[in-house]
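> Have a look; sequence and predicted model below, questions after that.
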Amino acid sequence: MQTAIVITEQPVSVSVPVGYSFTLHCRAEAHTSLQYQWFCQCQSVCHQIPGATKQDLPITAQKTKLYTCRINDLYRNVIFSDWVKVEVHPCVARGLLPQLWQGEPIIILNPTEQKVEVGKPLQLQCAAIGVPAPSYQWYRNGNLLEHQKKKKLWVTLPRDGSETLATEITHTKVSDSGTYLCCASNSHGEHWTNAVDIHIGTCCSEKFFATGKLALLVGNNHYQHHPNLMAPVTDVFELSLLLKQLGFQVVSLLDLNKAEMVAAVSRFLQLLEKGVYAIFYYAGHGYEHLGRNYMVPVDAPQLYAPENCISVQRILQKMQQQQTALNLILLDTCRKWYNPECALSQVQPLEPWGNTVYGYATSEDAEAYELQNGEFSSGIFMKYLKKHILQEKKVTHMLEDVLEDLGRDPVVTGKQVMEIKHTLKEARSLTDPICPTGAATERWGCSRGEQCGELPEPPSETVTFPCGVQAELRFHRLFSNVLSVCAKLQDLPAHLTDAQLMLRQPTEVDDVANLEESHPDQMDSLLTSVYKQEELDCIFQLCGLQKIQMDVVLQLDLHYTQLSTKQRTCESLQKILPKLLLGQFFTQRNYTRPNYDSSPARADPGGALSTGTGRSLPSSSPSKSRSEPEENDERSMSELCSALLRAGPGQEHP
């Protein structure tokens, strides 16, 4: 009895680069001897391959073709194997294929980022080589697009006959925006394409946009071992207001020691992602050595040791790794170098991504000045930056306007000239719109402020004393680590007179620095600008919120006189401020409190200039600093953060 031929091994499709050698296999069983013949089809023409009469067919890939094997026995029974495709890619980058390639998928074509109007078609393509040929699966925002697998996936044939796998959405919606990627897999493993952002909507018709905007502003004023500064308080405050107008989520911090600066920068870097516009601004003591800039924390000793300062260039390198669309570094600090005998550092070049802008308040080997005028102080650089920063023009052009205005200021002629360095290849502006995509859509939703450290203010509340008098408590964050608590009396009952409110801490709290010690006049002036002409009965400032390890108890005292008895009476209420509401930006809050032993120096009012070293001087003669900085610590920011976590007595997370 005749028995059918059974194929025990089918040939498999492959996807290989041109010139790659491999073998197609076909095996069959029957009760008689078998004969094999291979066929191929190219451009709709099928023909027999001469001499291809064995189970194995060696091939050196030249063109994309279809193959099948015919098998027959002595009884003239005939069966054909499955048709398989040998997909040949002529343009595979040299070196992409591993030397000992085992056939695992290798991506050779990644999808590209696109901006599509609502209702227009969207097409994404990718390609991979592999033996067997890979299968594909598309994802959006990490979710498998199973419902598009049959109708939205198809094969297109370019001129060379090679395949690319594409997905098409014929009528896009805003909800189709997101981060797309594709997984190519076979029996040897899987490989993922690059993730690409697809922007769909009206705002995405703009030439340039950000997926989010984040800014970290640091102002160091109150130094332990160096002259104090005045301008950073006002400059950070005013810049934060302007950046918020531009849609930036802003974290503004004052008076950070080394550990706190490392933690703040680390947290800032964690929040950056692809497409974000990132701004880092620093005002305080600093210096430059061989093109590398260093920031001086408030606890740095007079003679800087290698581990006492922060390298700005290392921060920028970490920012670039987050694939941000724009990195703007604004340094309002001196750039002088005072220790020529110290060994020179090697500056590591940045990646040539064309997205970085440096705005220096002063030129190389020069000092930056601040203008002091009574209770207000401002850096010369900030005076003109805030004049132009809201302009709708390329960032570098905006800074050029600042440079020109500053250069015309007679107060700093011959002393301070701004400098701009950049690799910005696109005309990106700080006024560009925000179009969140992919995972950023959720990240930059209603809770985006809290996620980036821009903490909400506690709501106002009304408290009632036993005598019936009511007072309103208000809370305002002048800075991310400074909280102002204000109290205002409501209508006073007719039987009481001469009422006064006082806010204070009932007990000493070691890890909270009362800002009354450092910049009381400036803070009160800034708070007055917030509340305009409204009179407040009392104000209590809490700063250094990142140091707080426990709930803060504030006591509100009411002093009044009873008209009937003329007796002076005092009643008290207490308000508890939870620690988690105060210092959430820092994931590590166990820092050593700076030792403020000496009273801070006060600047002379009258429009005098002081250098970045904090020395007051007449506008005609700049001073020389007595600081002699040594080389900066060359460890990476991640190593510093790890050292910080190991050194702390504990760790708390919000």
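Nice, I can see it.
> what's around Trp138, how many residues?
The number of residues packed near Trp138 is 23, by other C-beta atoms under 10 Å. From N, CA and C alone the C-beta is placed, and that goes for glycine too.
> how about the helix or strand containing it as PDB, C-alpha atoms only?
Per DSSP states H and E: Trp138 is located in strand 135-140. Extracted C-alpha coordinates of strand 135-140, given in PDB (Å, rounded to 0.1, in the frame of the first residue of the first chain):
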ATOM      1  CA  SER A 135       8.100  38.200  14.300                       C
ATOM      2  CA  TYR A 136       7.000  41.700  15.500                       C
ATOM      3  CA  GLN A 137       4.800  43.200  18.100                       C
ATOM      4  CA  TRP A 138       4.100  46.900  18.600                       C
ATOM      5  CA  TYR A 139       3.500  48.600  21.900                       C
ATOM      6  CA  ARG A 140       2.200  52.100  22.900                       C
END
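> Which neighbouring elements make contact with it?
strand 122-129, strand 178-186 (3 or more C-beta pairs under 8 Å, 6 or more residues apart in numbering; DSSP states H and E).
> Could I get these in JSON lines, plus columns for mean neighbour count?
Formatted as JSON lines, those follow (neighbours: other C-beta atoms under 10 Å):
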{"stretch": "strand 122-129", "mean neighbour count": "22"}
{"stretch": "strand 178-186", "mean neighbour count": "22"}
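> Tell me the buried residues in the strand holding Trp138?
Residues 136-140 are the ones in strand 135-140 that count as buried (16 or more other C-beta atoms under 10 Å).
> again with stretch 111-118
111, 114-116.
> any idea how far that stretch is from the chain center?
23 Å (C-alpha atoms, centre = their mean, to the nearest Å).
> for stretch 179-189, same thing?
A distance of 28 Å separates the centroid of the chain from that of stretch 179-189, by C-alpha atoms, centre = their mean.
> Per-residue pLDDT of Leu503, please?
On the pLDDT scale, Leu503 is placed at 88.
> Please renumber the chain so that the first residue is 38 from this point on.
All right, first residue 38 from here; so that's Leu540.
> Might you report the residue contacts of it?
522, 524, 575-577, 591-594 (C-beta atoms under 8 Å, 6 or more residues apart in numbering).
> Report the buried members of those.
Here, 16+ other C-beta under 10 Å leaves 522, 524, 575-577, 591, 593-594 buried among the contacts of Leu540.
> if we can go back for a sec, tell me which two of the buried residues of strand 172-177 sit farthest apart.
The most widely separated members of the buried residues of strand 172-177 are Tyr173 and Arg177, with 14.1 Å between them, by C-beta to C-beta.
> rewinding a little: make TSV out of the buried residues of strand 172-177 and add pLDDT and distance to Ser609.
Formatted as TSV, the buried residues of strand 172-177 follow (pLDDT from 0 to 100; distance: C-beta to C-beta, whole Å):
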residue	pLDDT	distance to Ser609
Tyr173	90	71
Gln174	89	67
Trp175	88	65
Tyr176	88	60
Arg177	85	58
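> hey, where'd the strands end up in the stretch 138-287 of the chain?
Using DSSP state E, counting those that start in this stretch, the strands of the stretch 138-287 of the chain run over residues 143-146, 151-153, 159-166, 172-177, 180-181, 190-193, 201-206, 215-223, 226-229, 233-237, 249-256, 286-291.
> Check these for me: which has the lowest mean pLDDT.
For those, mean pLDDT drops lowest on strand 190-193, to a mean of 34.
> what is the rounded mean pLDDT of the helix or strand encompassing Ser414?
Assigned by DSSP H and E, Ser414 falls within strand 413-416. Regarding strand 413-416, the rounded mean pLDDT is 78.
> Next: stretch 517-528.
Mean predicted lDDT for stretch 517-528 stands at 88.
> Pretty sure Val125 is one of the things Ile166 touches, is it not?
No - at 9.5 Å, Ile166 does not count as touching Val125 under the criterion of C-beta atoms under 8 Å.
> Between these two, which contacts overlap?
Shared contacts of Ile166 and Val125, defined by C-beta under 8 Å, 6+ apart, comprise 53-54.
> need the helices and strands packed on strand 172-177 in CSV with distance to Phe305, can you?
As requested, the helices and strands packed on strand 172-177 are arranged in CSV below (distance: least, C-beta to C-beta, whole Å):
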stretch, distance to Phe305
strand 159-166, 32
strand 215-223, 22
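> who wins for proximity to Phe418 among the ones you listed?
Nearest of those (C-beta to C-beta): strand 215-223, 38.0 Å.
> The closest one pairs with which strands?
Sheet pairing of strand 215-223 (DSSP bridges) gives strand 172-177 (antiparallel), strand 226-229 (antiparallel), strand 233-237 (antiparallel).
> got the contact list for the residue most central in space within the chain?
By C-alpha atoms, centre = their mean, the chain has its centre lying nearest to Leu309, at 1.7 Å. Counting by C-beta under 8 Å, 6+ apart, Leu309 touches 251, 315, 356, 359, 361.
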